[in-house]
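S.K.: got a predicted structure plus its sequence, pasted below:
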Amino acid sequence: MTATRATAPGAALPPATGAWREGDPPGRRRWHHREGPLPLEGGGRLPGVRLAYETWGRLAPDRSNAVLVLHALTGDSHVAGPAAPGHPTPGWWDGLVGPGRALDTDRWFVVAPNVLGGCQGSTGPAAPRPDGRRWGGAFPRLTQRDQVRAEAGLADALGIDRWALVLGGSMGGMRALEWAVSHPGRVDALLLLACPAAASADQIAWTSAQLHAIRADPHWRGGDYHDAGPGRGPHAGLGAARRIAHVTYRAAAELEARFGNRPQGGEDPRHGGRYQVESYLDHQAAKLVRRFDAASYVVLAEAMNAHDVGRGRGGVAAALRRVRARTLVAGVDSDRLFPLAQQGGLAAGIPSADDVRVIASPYGHDGFLLETEQIAALVGELLHGARVPDDRHRLLS
Ligand SMILES: CC(=O)SCCNC(=O)CCNC(=O)[C@H](O)C(C)(C)COP(=O)(O)OP(=O)(O)OC[C@H]1O[C@@H](n2cnc3c(N)ncnc32)[C@H](O)[C@@H]1OP(=O)(O)O
Ligand SMILES: N[C@@H](CCO)C(=O)O
């Protein structure tokens, strides 16, 4: 595996350039600096919080056209647009955001923050503390609620009282749900994709194996490796974590059809060579190691494990009843990590939600990233009241 850096990609970012201004080009990364420390659900306060974010479109004078897009575990604020300096991958929902697309940026003002704890410009373990040293292993545990609280600060700074739509998949869906539960008056419409009301034992178990892989790497050093020098981070551990995770992101039938038990190229597994599927996972691992910080991975994965929208709110059912947004819940039929039954539970518990919508896909959990046409139809239904083709359900709005 390629091991190119000990520091997080975010650590090399240019200095903050301030908040969004009228006339900004689409997709330019900007930063919001919170005034004062962020109180954390688990106790304590996080000082020096900043969120990186990108925007597309123009905020209407009455500020009624703002849409919040929330990314998943290893995503970032770069929802749309090509790869560019500071954006190692093209926009992860490029087919969804832009002029004439479902999130038509001639009409909607789309905002996408990098999650708190992440490594693509927002405050995370690789970022400096107020005293100038890096957080490293001292970075506090976060929950989705802390992350949403930080995002609410960004909304305040942008002058956005209400979101016309909040949407996200996987970890982004967890935060979208938290937004609708903790700020019911600020979310007009809600699209939840491939996420649960609370992390399940199965999800926590898969994540636990990933966390062990990272912490077992001798270069982990309790999370204090960021200044250890080039190539001296826990890259092997992060790569192992990604291999485990990536299998859960895809479907067994898809892997079978693509790779079966065939050897990779001229390699012979009986003599130390790899199977095709091993080579594929090696590739996915190497790509993540080049662009993501292991300590951020740990912070975000632990926050996902802590996800429980009902905690301290009288349970999941009571929490879901707080949602006032027009809501669509959708899951991927081949998702083995966040199975459709979990989205069924969300749809049943949220007062305005209809039956769960099914995204048909062979790709498993990653279907929420890949099936953009089906997701575009759901966005259109929420924003414009247009029916999804072949929809068997009543209109929500
Ligand atoms: C909201 C967010 O989560 S944003 C972050 C999303 N992006 C990521 O997570 C990056 C990791 N990748 C993924 O999660 C998924 O691959 C997706 C959803 C982004 C893309 O899925 P797909 O288009 O189906 O790509 P797929 O899983 O087939 O991977 C293709 C890659 O595997 C490589 N590959 C395929 N077979 C093999 C093999 N036998 N050996 C080695 N590499 C292989 C391809 O060359 C291709 O490489 P490239 O991505 O460098 O061009
Ligand atoms: N491929 C996605 C899946 C997790 O939802 C990611 O890495 O964020």
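M.R.: Yep, that arrived. Residues are numbered from 1 along each chain as shown. Ligands and ions are numbered 1, 2, ... in the order given.
S.K.: helix, strand, or coil at the nearest residue to Arg357 once chain neighbours are set aside?
M.R.: Of all residues not flanking Arg357 in the chain, Ala330 sits nearest, at 4.0 Å (CB to CB, 6 or more residues apart in numbering). Heads up, the C-betas are built off the backbone N, CA and C, glycines and all. Following DSSP: H, G, I helix; E, B strand; the rest coil, Ala330 is assigned to strand.
S.K.: tell me the mean pLDDT for the helix or strand harbouring Thr327?
M.R.: In this assignment (DSSP states H and E), Thr327 forms part of strand 326-332. Looking at strand 326-332 alone, the average pLDDT works out to 98.
S.K.: ok, residues contacting that strand?
M.R.: Residues outside strand 326-332 that contact it (CB atoms under 8 Å, 6 or more residues apart in numbering): 180, 188-194, 338-340, 342-344, 346-347, 350, 352-354, 356-359, 361, 363-365, 367-368, 371, 374-375, 378, 381-382, 396-397.
S.K.: ChimeraX command to pick out the buried ones of those?
M.R.: A single ChimeraX command selects the buried members of the contacts of strand 326-332 (16 or more other CB atoms under 10 Å):
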select :180,188,189,190,191,192,193,194,338,339,340,342,343,346,347,350,353,354,356,357,359,361,363,364,365,367,368,371,374,375,378,381,382
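S.K.: so which of the contacts of strand 326-332 sit within helices?
M.R.: 180, 340, 342-344, 346-347, 367-368, 374-375, 378, 381-382 (DSSP state H).
S.K.: quick check, nearest of these to Gln147?
M.R.: The shortest gap between Gln147 and any of the ones in helices among the contacts of strand 326-332 belongs to Ala180, at 14.2 Å (CB to CB).
S.K.: list the contacts of the closest one.
M.R.: Counting by CB under 8 Å, 6+ apart, Ala180 makes contact with 166, 187, 190, 322-325, 327.
S.K.: ok, Ala189 next?
M.R.: Counting by CB under 8 Å, 6+ apart, Ala189 touches 164-166, 325-327, 382-383, 397.
S.K.: rewinding a little: which two of the ones in helices among the contacts of strand 326-332 have the greatest separation?
M.R.: Within the ones in helices among the contacts of strand 326-332, Ala180 and Gly367 form the most distant pair, 22.5 Å apart (CB to CB).
S.K.: out of the contacts of strand 326-332, who's near ligand 1?
M.R.: By CB under 6 Å from any ligand atom, the members of the contacts of strand 326-332 lying near ligand 1 are Tyr363.
S.K.: for stretch 302-309, measure first residue to last.
M.R.: With CA to CA, to the nearest Å as the measure, stretch 302-309 spans 15 Å from end to end.
S.K.: show the pLDDT at Pro128.
M.R.: At Pro128, pLDDT is 91.
S.K.: that one bridge partners, please.
M.R.: Beta-bridge partners for Pro128, by DSSP bridges, are Arg134.
S.K.: and for it, the neighbour number?
M.R.: Pro128: 13 surrounding residues under other CB atoms under 10 Å.
S.K.: distance between the helix or strand that contains Ala209 and the chain's centre?
M.R.: Assigned by DSSP H and E, Ala209 belongs to helix 201-215. On the basis of CA atoms, centre = their mean, to the nearest Å, helix 201-215 sits 17 Å off its chain's mean C-alpha point.
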